[in-house]
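Asker: need the 3D shape of this:
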Amino acid sequence: MGFRDTLSAFASRFTSKSYTETTTRPSVAQPYMSTDTGAKLPIFPFPLIMIYELADNIDALRIPIETLNREMFKNGFEVVEKWKFKCNNCGKEFQYQPLKGDHTDDQPFEQNQDNESNTIPRSDAKKAVVHEINPTGEMECDTCGSNDLKRPIPENRKKLEDMLEAPINGNQQTLEDLSRQLERDLEVADNAYCLVLKNYKIDDRTGKIDHNASEVKELLRIDPPQVALIADSDGRIGFDDKRNEIFVCPRFEHRDKRLTTPKCDRCGAEALKAVLEVNSVYSIGIPQPKRVVYGEGEVIWKAGKYKPSLLYGYSPIYSIWSKAMSLSHMDEYIRKYFDKMRPPRGMLVIASRNYETFRKSWDVLEEKAMEDPYTIHPLLVESDKGSKNMAQWLDFTGSLKELEFTEIRRELRMIIGAVFGVLPLYFGELPSGWSQEGLQVTITNRAIKWGQDILFNSFFKKFAAMLDVDDWELRLKGGEENDKLRDLQIQGVEIQNMAAMQAMGFEVTKTHTGEFKVSKNPIINPTMMMLEGSNEDEKPNTSGSKGRGRGTAAPKEDQQEVDGKPKKQRPSDKGGVAQGAPASGSGTSQSKKAEIQPYLQPKKFPDGITPANFEIVKSTLQSAIDFDWTKTKAVDELRTKANMTVRQAREIVKQELSDTKRWEEDGF
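Answerer: All right, here's what the predicted structure looks like:
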């Protein structure tokens, strides 16, 4: 067997020459400082430990950071289904049960935002298995046609819920506590690191690590100022500058040095690929500094929320630290302005020719200043010649209004808040007008939603993968409640639009995701719709009214609802374009349908009545009966409103109203 393995390895060297063995990356532009272990320390304008001091001690920085942290976690966590059904063949995910013969949906929902309203019944959820094949064959993937569909496993939900409730380390921290620390690191340092401490199961004979049997003991946050990533000058993790791969032994007692081979030279255990080095020397004030190297699978990290990079992010505080320091000095100035250590309000200078008197006055001034610094102290100054101004007042205090103190502070705080997406409303400054307040809340909610998505993609998804859960998701609930009324209004408008499309002859179907699909072409052609409309006109009057005319009130005239909104178009007869257009009217040469109209339906209206003025004629004749008009008034109304000639109007009045109304005056 050994000879065969050697022969196959020798042959593979000749059969795989079509692939290149090495690749070359461009160098990383950001300057770094290399350590003796091959780790890379970023070179910032000043160390990260000072950035944390600014964020902790300056209110203009702490307010937006704490606001984002509080709003992100104020509603807690939730465990939601990643999908309702999933095809094991092509991997397509479904939010509704895909039944055989359903309309194909080419654009399914990308996010599961409606799990609460579309949950699977408990009776069905108990039957869920990892590879459940529908025994009846009713379910079918609309993409590949496979019946191999699976459902989320309830036991996996339990794993994530237990992770939320149980302590995750020996300090009794919960997952929320750890997540709040990681989110704050992203805001301050633009880097976050989560350490996964494991007890490895190692085979004593082969030295192989059984990762499935290994146990996770603790989840801890690593302080970003202590982290140095092990990478080469091109940004490859786990390599040194000579392109040698760096390893570390899984046993922590053997991690005092790095390895260049995939096996530990002391115990023979399978080594881990080195990722980063935690060195307490990088921080200040650590009583017992130490250096530890952690391997792949032991660290979950995010490099850059505001400035993504291969190795390290770049804190946004570096760009606003001068503004933050200005605000800090302003606060210090105000403190000293009202403190006993402040300078006196002023000094009274009095000219004198006696120098000894001046010395005595100065000594008295010092004694009184020690007793009460708030009193006004006169000072005698020797003068050879007399002066008109024997006494002079010198004011030492500057007015805050003269310095425009409030306006400068407001502008600096606004710029700092804009960097983090937190506007002045959260600094305690009330804007003028409710509209401005609502806009500020909306902008801040967007920053909160963005931060929640970064935490989910960078950490929460990896926590679920660490527990082998791929059908449930661990998410943060939204900072603001969804506007249910707005969603219902949008659904109502969508239903109205689909009803209008269906009335126009298009086929409307609903997919398994709840989306409406409209056919490309109408299933009923215009000729069939016109014939159907003519059949509706021939139906007998069932309104219950006696005689001719409408059984209900005349329709109201269409008017503009809002200034600038176009009125509803008023069509002309069949074949025409619009009322008053040259192509309107039956029989015109410009009407496209004038030639085929006699073949579609026979002429059944009296001369002068068209589909365009049919309703107007009916309402006019009904009004003539209701209000007891004369023949002359009825004819005039038909001429003006229905655009008829005198002869046409007289004939219609004679034919339609001769049996209904007895005229007081004879014909025409």
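Asker: now for the lengthiest strand in the chain, which elements pack on it?
Answerer: In the chain, with assignment by DSSP state E, the single longest strand is strand 209-222. Under the contact criterion of 3 or more Cβ pairs under 8 Å, 6 or more residues apart in numbering; DSSP states H and E, strand 209-222 touches helix 175-188, strand 191-202. Backbone N, C-alpha and C define where each C-beta goes, glycine included.
Asker: with mean neighbour count added, can I get the ones you listed in JSON lines?
Answerer: Output for these, formatted as JSON lines (neighbours: other Cβ atoms under 10 Å):
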{"stretch": "helix 175-188", "mean neighbour count": "20"}
{"stretch": "strand 191-202", "mean neighbour count": "19"}
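Asker: relative to residue 498, which of these is closest?
Answerer: helix 175-188 (42.2 Å; Cβ to Cβ).
Asker: ok now do the closest residue to residue 292 other than its chain neighbours, which residues does it touch?
Answerer: Excluding its sequence neighbours, the residue lying closest to residue 292 (Cβ to Cβ, 6 or more residues apart in numbering) is residue 278, at 5.1 Å. Going by Cβ atoms under 8 Å, 6 or more residues apart in numbering, residue 278 touches 222, 226-228, 291-294.
Asker: run the last query once more with 6 Å
Answerer: Residues near residue 278 by Cβ atoms under 6 Å, 6 or more residues apart in numbering: 222, 226, 292.
Asker: just give me the closest of these to residue 657.
Answerer: Of all the contacts of residue 278, residue 222 has the smallest distance to residue 657: 95.7 Å, by Cβ to Cβ.
Asker: and the closest one, bridged to which residues?
Answerer: Per DSSP bridges, the residues bridged to residue 222 are residue 193.
Asker: do I have it right that it meets residue 193?
Answerer: Yes. Counting by Cβ atoms under 6 Å, residue 193 is a contact partner of residue 222 at 3.9 Å.
Asker: tell me the SS of the residue nearest to residue 292?
Answerer: Using DSSP: H, G, I helix; E, B strand; the rest coil, the structure places residue 278 in strand.
Asker: what bridges to it?
Answerer: Residue 278 forms beta bridges with residue 227, residue 292, as assigned by DSSP bridges.
Asker: gap between it and residue 52?
Answerer: Distance from residue 278 to residue 52, counting by Cβ to Cβ, to the nearest Å: 16 Å.
Asker: ok, residue 199 next?
Answerer: Applying Cβ to Cβ to residue 199 and residue 52 gives a distance of 32 Å.
Asker: one more: residue 218?
Answerer: The gap separating residue 218 from residue 52 is 23 Å, by Cβ to Cβ.
Asker: tell me how far the ends of stretch 83-99 are from each other?
Answerer: 16 Å (Cα to Cα, to the nearest Å).
Asker: next, the buried residues of it.
Answerer: Going by neighbour count (16 or more other Cβ atoms under 10 Å), the buried part of stretch 83-99 is 83-88, 92-98.
Asker: can I get the longest strand of the chain in CSV, CA atoms only?
Answerer: Extracted C-alpha coordinates of strand 209-222, given in CSV (Å, rounded to 0.1, in the frame of the first residue of the first chain):
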residue,chain,number,x,y,z
ILE,A,209,-9.0,16.4,16.2
ASP,A,210,-12.6,15.3,16.4
HIS,A,211,-14.4,18.6,15.9
ASN,A,212,-17.9,17.2,16.3
ALA,A,213,-17.0,15.8,19.7
SER,A,214,-15.2,19.0,20.8
GLU,A,215,-17.0,21.1,23.4
VAL,A,216,-17.4,24.9,23.5
LYS,A,217,-16.7,26.0,27.0
GLU,A,218,-17.0,29.8,26.9
LEU,A,219,-17.7,32.7,24.6
LEU,A,220,-15.7,35.9,25.5
ARG,A,221,-15.1,39.3,24.0
ILE,A,222,-11.5,40.1,23.1
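Asker: pLDDT averaged over it - what is it?
Answerer: When pLDDT is averaged over strand 209-222, the result is 92.
Asker: now stretch 337-351
Answerer: 62.
Asker: where does pLDDT dip in the stretch 501-650 of the chain?
Answerer: Scanning the stretch 501-650 of the chain for pLDDT under 70 picks out 512-513, 524-605.
Asker: before we move on, back to that, between the contacts of residue 278, which sits nearest residue 611?
Answerer: Among the contacts of residue 278, and counting by Cβ to Cβ, the member closest to residue 611 is residue 222, at 79.7 Å.
Asker: got a list of what that closest one touches?
Answerer: Applying Cβ under 6 Å, 6+ apart, we find residue 222 in contact with 193, 195, 278.
Asker: same question, residue 63
Answerer: Contacts of residue 63 (Cβ under 6 Å, 6+ apart): residue 427.
Asker: and it, which of the three is it?
Answerer: At residue 63 the chain is in helix, as set by three-state DSSP.
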